[in-house]
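Visitor: Any chance you can model this:
(one chain, ligands or ions: 1)
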Amino acid sequence: MSVKFGIIGFGFMGHIHEQMLNSLKNAELLAICDIDEEKMKDSTSKGILKTSNIDELLNIKEIDTVIISVSNHVHKEVVTKAAKKGKNIICEKPAAMTVKEFDEMVVEVKNAGVKFTVHQQRRFDEDFRTAKQVFDEKSLGNVYTIQSMLYGINGNMHDWHVYKKYGGGMLYDWGVHLIDQMLFMVDSKIKTIYADLRNVINEEVDDYFKIWLRFENGITGEIELGTYFLADKPKWFERHWFIGGDKGSMYCDGFEPEGKIARTTRLLTNVPGKTTMTASGPTRSFGPPPEGVLITEELPKVNFEHVMFFENYINAIEGKEELLVKIPEVRRVLAVMEAVRESAKTGKSIDFE
Ligand SMILES: NC(=O)c1ccc[n+]([C@@H]2O[C@H](COP(=O)([O-])OP(=O)(O)OC[C@H]3O[C@@H](n4cnc5c(N)ncnc54)[C@H](O)[C@@H]3O)[C@@H](O)[C@H]2O)c1
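Guide: Now for the predicted structure:
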């Protein structure tokens, strides 16, 4: 059996969804819709309906699921329409602009009795899964810090992403993924949230943020994103993870992760001071470790791809497994984003759960 899909919003992400669906043997794309007909001209699918009228797509009875990949400010309107027509829904992230808007959306979805999930496919990113696997194996001892960073050099933000009214800004764009990954990894309540959120070079929307999540289990999750970190080392200025525990650390750079797990063979709590001379003067605590003390291990190999999001979705539709991305999880991420804005505005730490 194949699940029959329609795509609403055929811009950047709509095209990616088309490719994905056409690569899956148990999915079939029946129609695409975009208010801008130009956008559908390079669709590679043959024999499907291409329409600028959303009702025409939603009236196709055979369509079981719609993927909603319109700009953020119209998610609620389109989700509501699709739910009222009885379609199951995969909505692009961020599902809504606010928790309130999301709650209203969920009422519509529940009243209609349709399945609803959000395209948080970065739960299947290789770099994230590598970090998560190391964390899950518990080989780093008591973890106290998890750092997740993403940096861009050119300050590139495009199209509607630079305008507030369309739901632009990096917190909505990538923040939603980075927060979702952190909360998917650390299974603990968040006690407090403290954040900085800035418009470094953009007039209307944020293009830099730094977020501290203090979890009840003692871990601090730190998330930083900057679109304008000028540097001449593109690899470093991409994606990073660092996990620090009392038995080891893990670092991992790049979307195709390169890094190591590092441990010490001798955990020294108090030793006689040994002075190392550096260009900045003598140090006893921050010199290199003695020869042979530090041992490293390779990062685990993980096998994750974005297609797994759709495999899970189709299995869930067929009743074989649960949807991976659940409504309360989506709501929690949106609530964190609101706390981030509040903390950045007030300069105060926000009590959370
Ligand atoms: N999950 C991810 O990794 C990922 C990546 C990029 C974008 N996105 C999300 O996908 C969504 C779309 O982003 P994009 O970058 O593809 O934007 P885009 O501007 O390239 O595409 C959006 C398309 O929606 C169309 N549209 C707008 N209102 C419509 C309506 N009422 N009915 C039908 N079509 C409508 C526009 O004409 C446009 O072609 C956003 O929510 C964004 O956050 C997700």
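Visitor: Break the protein into its domains for me.
Guide: 3-119, 123-304+335-351 (automatic domain parsing).
Visitor: Looking at those, which is nearest to the ligand?
Guide: The ligand lies closest, by C-beta to the nearest ligand atom, to one member of those: domain 3-119, at 1.9 Å. All C-beta spots, glycine's among them, are computed from the backbone N, C-alpha and C.
Visitor: Now the terminal residues of the closest one, how far apart.
Guide: By C-alpha to C-alpha, to the nearest Å, the extent of domain 3-119 from end to end equals 17 Å.
Visitor: Mind putting the domains of the chain into a markdown table with distance to the ligand and mean pLDDT?
Guide: Formatted as a markdown table, the domains of the chain follow (distance: least, C-beta to the nearest ligand atom, whole Å; pLDDT from 0 to 100):
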| stretch | distance to the ligand | mean pLDDT |
| --- | --- | --- |
| domain 3-119 | 2 | 97 |
| domain 123-304+335-351 | 5 | 92 |
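Visitor: Please work out which of these is packed deepest.
Guide: domain 3-119 (a mean of 19; mean count of other C-beta atoms under 10 Å).
Visitor: neighbouring contacts of stretch 75-84?
Guide: Identification of contacts with stretch 75-84 by C-beta atoms under 8 Å, 6 or more residues apart in numbering yields 8-9, 54-55, 58, 66, 68, 70, 89, 91-92, 94-97, 101, 104-105, 108-109, 111-112, 114, 116, 167.
Visitor: Stretch 24-43 too?
Guide: Outside stretch 24-43, the residues within contact range by C-beta under 8 Å, 6+ apart are 1-11, 14-15, 18, 21-22, 45, 48-54, 56-57, 60, 62-63, 307, 310-311, 314.
Visitor: can you give me the helices for the stretch 1-150 of the chain?
Guide: Using DSSP state H, counting those that start in this stretch, the helices of the stretch 1-150 of the chain run over 12-23, 54-58, 75-84, 99-112, 126-137.
Visitor: and what of the stretch 201-350 of the chain?
Guide: With DSSP H, counting those that start in this stretch, the ranges of helices along the stretch 201-350 of the chain come out as 307-317, 327-346.
Visitor: Check which helices and strands the longest one sits against.
Guide: Under the contact criterion of 3 or more C-beta pairs under 8 Å, 6 or more residues apart in numbering; DSSP states H and E, helix 327-346 touches helix 99-112, helix 176-185, strand 190-198, strand 208-215, strand 350-351.
Visitor: Please produce a markdown table containing these, extended by distance to residue 329.
Guide: What follows is the helices and strands packed on helix 327-346, written out as a markdown table (distance: least, C-beta to C-beta, whole Å):
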| stretch | distance to residue 329 |
| --- | --- |
| helix 99-112 | 12 |
| helix 176-185 | 7 |
| strand 190-198 | 13 |
| strand 208-215 | 15 |
| strand 350-351 | 19 |
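Visitor: Identify whichever of these lies nearest to residue 239.
Guide: Ranking the helices and strands packed on helix 327-346 by proximity to residue 239 (C-beta to C-beta) places helix 176-185 first, at 9.8 Å.
Visitor: between that closest one and helix 126-137, how big is the angle?
Guide: With axes from the mean of the first three to the mean of the last three C-alpha atoms, to 10 degrees as the basis, helix 176-185 and helix 126-137 are set at 20 degrees to each other.
Visitor: Mind giving me the packing neighbours of helix 176-185?
Guide: Short answer (3+ C-beta pairs under 8 Å, 6+ apart): helix 176-185 packs on helix 126-137, strand 143-151, strand 220-226, helix 327-346.
Visitor: in its sheet, what does the shortest one sit against?
Guide: When you say that, I think you mean strand 220-226. Sheet partners assigned to strand 220-226 using DSSP bridges are listed as strand 143-151 (parallel), strand 208-215 (antiparallel).
Visitor: Alpha carbons of the shortest one, as CSV, please.
Guide: Extracted C-alpha coordinates of strand 208-215, given in CSV (Å, rounded to 0.1, in the frame of the first residue of the first chain):
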residue,chain,number,x,y,z
TYR,A,208,22.3,35.6,16.4
PHE,A,209,21.3,33.8,19.5
LYS,A,210,22.8,32.1,22.5
ILE,A,211,20.6,30.0,24.8
TRP,A,212,21.3,28.3,28.1
LEU,A,213,18.9,25.6,29.2
ARG,A,214,19.5,24.5,32.8
PHE,A,215,18.0,21.0,33.1
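Visitor: what's that strand in contact with?
Guide: Residues contacting strand 208-215 (C-beta under 8 Å, 6+ apart): 170-171, 175, 179, 182, 186, 188-200, 220-228, 336, 340, 344.
Visitor: Report the closest residue of the stretch 251-353 of the chain relative to the ligand.
Guide: Nearest residue of the stretch 251-353 of the chain to the ligand: residue 306, at 8.2 Å (C-beta to the nearest ligand atom).
Visitor: Look up how far residue 97 lies from the closest residue to that residue other than its chain neighbours.
Guide: Leaving aside its sequence neighbours, residue 306 sits nearest to residue 121 (C-beta to C-beta, 6 or more residues apart in numbering; 4.5 Å). From residue 121 across to residue 97, the span is 20 Å (C-beta to C-beta, to the nearest Å).
Visitor: and if you look at residue 177?
Guide: 16 Å.
Visitor: and what of residue 329?
Guide: 18 Å.
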